[in-house]
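**Q** Sequence and predicted structure, then a few things I'm wondering about:
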Amino acid sequence: SPRRGGPDTRDGSIMEEPAALAVVSTLENVGKGKVIGTHDGHFHCDECLAVGLLKLLPEFESALVLRTREPGLLQQCDIVVDVGGIYEAASRRFDHHQRGFEETMTELSRRTKLSSAGLTYRHFGREILERALAARGGATAQHVDALFARLYTSFVEHIDGIDNGLEAFYDSGEARYEVSTSLSRRVGRLNPGWNESDVDVDARFGRAVRLCVAEFLECLDDSLARWLPARDVTARAVADGGPVIALETYCPWESHIFALEPVPGETKYVVYRVADDTFRVHAVPVREGSFTSRLPLPEPWRGLRDDALSTLVAIPGCIFVHASGFIGGARSREAALALAHKALATASSS
């Protein structure tokens, strides 16, 4: 085994992971105690990290997590992340979806728009880092500041970028954020560090092999259980062609549409039902995995919700258009299709 400058530090964590989460959808019969609010439905990395960061703090380590979009329930929460349309640190409201939100980590001279992960890290990250450093014997302000910048740029920032639909590189070729959690990076971190000694490198290699095989098998299982059936659903939807297609049921269509659409580049919007029986209008990206859409929903619609949006587009039942224009929502299939076709007409007339 290689001899370096210190003991093997990889087998234990400086801080304990949060205990199993108590997640509720109502505040009936839950008793007293802190409550963290976030949205229900499909979850994303940013609010998962935001909640996890809060649970690392003594104030919230025993907190319930309430998943809802009901304003009355969210008002009762001690802190709310990724929902509510408000960023106000004093009232502990940390959403980034509202029209006009353009916050970045300016204190670190970063230009990536913040998600709920970045907002939570901005206001609570230093406390987490102070506790971690204290567990190692003490913290200086310089160490906290250095770690705060390091953890943001090497971990949190790419979650901000991905959730906000921002490409990893600017048009100039300059990197916007660093993606640090790939399989290769995780395997690399299992290698002995420069300041570790008496490390069983073969045992570490074994962990790396298990990590790689486990992820490969997860990908294989996912492809068999989800990817192939989604291809069939997408194929039926694009069979007749046209700029707007409607899926018979939601499925992950993006990895199939580029290979299956009859005329390359023709499909502009995909309409589908989501779990709460509302519908989405999703702008097709220029390529799989891209955050740039072939035809984003019109700029004047972006960031608007409910009656304000319905009035502007003259289509009853609209719910929202995302601030980046890549997706919108409506309460019925008919309204979603009307929204998609109106977006086409708006683009044609401009």
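**A** Looks like it arrived, so ask away.
**Q** which stretches of this structure form strands?
**A** 23-24, 35-38, 64-67, 79-81, 87-88, 93-94, 244-246, 269-273, 279-283, 318-321, 327-330 (DSSP state E).
**Q** With mean neighbour count, distance to Glu102 and mean pLDDT added, can I get those in JSON lines?
**A** Every residue, glycine included, has its C-beta placed from N, CA and C. Shown next, in JSON lines, are the strands of the chain (neighbours: other Cβ atoms under 10 Å; distance: least, Cβ to Cβ, whole Å; pLDDT from 0 to 100):
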{"stretch": "strand 23-24", "mean neighbour count": "14", "distance to Glu102": "31", "mean pLDDT": "89"}
{"stretch": "strand 35-38", "mean neighbour count": "25", "distance to Glu102": "22", "mean pLDDT": "94"}
{"stretch": "strand 64-67", "mean neighbour count": "20", "distance to Glu102": "27", "mean pLDDT": "91"}
{"stretch": "strand 79-81", "mean neighbour count": "26", "distance to Glu102": "18", "mean pLDDT": "97"}
{"stretch": "strand 87-88", "mean neighbour count": "14", "distance to Glu102": "10", "mean pLDDT": "98"}
{"stretch": "strand 93-94", "mean neighbour count": "24", "distance to Glu102": "15", "mean pLDDT": "98"}
{"stretch": "strand 244-246", "mean neighbour count": "20", "distance to Glu102": "30", "mean pLDDT": "97"}
{"stretch": "strand 269-273", "mean neighbour count": "22", "distance to Glu102": "26", "mean pLDDT": "97"}
{"stretch": "strand 279-283", "mean neighbour count": "24", "distance to Glu102": "21", "mean pLDDT": "98"}
{"stretch": "strand 318-321", "mean neighbour count": "24", "distance to Glu102": "17", "mean pLDDT": "97"}
{"stretch": "strand 327-330", "mean neighbour count": "24", "distance to Glu102": "19", "mean pLDDT": "97"}
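**Q** Quick one: the ones you listed as a markdown table, columns for distance to Ser223 too.
**A** Shown next, in a markdown table, are the strands of the chain (distance: least, Cβ to Cβ, whole Å):
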| stretch | distance to Ser223 |
| --- | --- |
| strand 23-24 | 29 |
| strand 35-38 | 30 |
| strand 64-67 | 29 |
| strand 79-81 | 32 |
| strand 87-88 | 39 |
| strand 93-94 | 36 |
| strand 244-246 | 23 |
| strand 269-273 | 21 |
| strand 279-283 | 22 |
| strand 318-321 | 32 |
| strand 327-330 | 25 |
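**Q** Ok, which of those strands comes nearest Ser116?
**A** Closest of the strands of the chain to Ser116 is strand 79-81, at 4.3 Å (criterion: Cβ to Cβ).
**Q** ok, and for stretch 154-169, which residues are buried?
**A** Phe155, Val156, Glu157, His158, Ile159, Asp160, Gly161, Ile162, Asp163, Asn164, Gly165, Leu166 (16 or more other Cβ atoms under 10 Å).
**Q** The longest helix along the chain packs against which elements?
**A** Criterion DSSP state H: the longest helix present in the chain is helix 201-222. Of the remaining helices and strands, those touching helix 201-222 by 3 or more Cβ pairs under 8 Å, 6 or more residues apart in numbering; DSSP states H and E are helix 183-188.
**Q** buried ones in the helix it packs on?
**A** Neighbour-count burial for helix 183-188 [16+ other Cβ under 10 Å]: Val187.
**Q** Mind giving me the packing neighbours of that helix?
**A** helix 201-222.
**Q** Restricting to C-alpha, output the helix it packs on in PDB.
**A** The C-alpha trace of helix 201-222 is given here as PDB (Å, rounded to 0.1, in the frame of the first residue of the first chain):
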ATOM      1  CA  VAL A 201      -5.800   0.100  -2.600                       C
ATOM      2  CA  ASP A 202      -7.100  -3.300  -3.600                       C
ATOM      3  CA  ALA A 203     -10.100  -2.800  -1.300                       C
ATOM      4  CA  ARG A 204     -10.700   0.600  -2.800                       C
ATOM      5  CA  PHE A 205     -10.500  -1.000  -6.300                       C
ATOM      6  CA  GLY A 206     -13.100  -3.500  -5.200                       C
ATOM      7  CA  ARG A 207     -15.400  -0.700  -4.100                       C
ATOM      8  CA  ALA A 208     -14.900   1.100  -7.500                       C
ATOM      9  CA  VAL A 209     -15.700  -2.100  -9.400                       C
ATOM     10  CA  ARG A 210     -18.900  -2.600  -7.400                       C
ATOM     11  CA  LEU A 211     -19.800   1.000  -7.900                       C
ATOM     12  CA  CYS A 212     -19.400   0.700 -11.700                       C
ATOM     13  CA  VAL A 213     -21.200  -2.600 -12.100                       C
ATOM     14  CA  ALA A 214     -24.100  -1.400  -9.900                       C
ATOM     15  CA  GLU A 215     -24.500   1.700 -12.000                       C
ATOM     16  CA  PHE A 216     -24.300  -0.300 -15.300                       C
ATOM     17  CA  LEU A 217     -27.000  -2.700 -14.100                       C
ATOM     18  CA  GLU A 218     -29.200   0.200 -13.000                       C
ATOM     19  CA  CYS A 219     -28.900   1.600 -16.500                       C
ATOM     20  CA  LEU A 220     -29.700  -1.800 -18.000                       C
ATOM     21  CA  ASP A 221     -32.700  -2.300 -15.800                       C
ATOM     22  CA  ASP A 222     -33.900   1.200 -16.600                       C
END
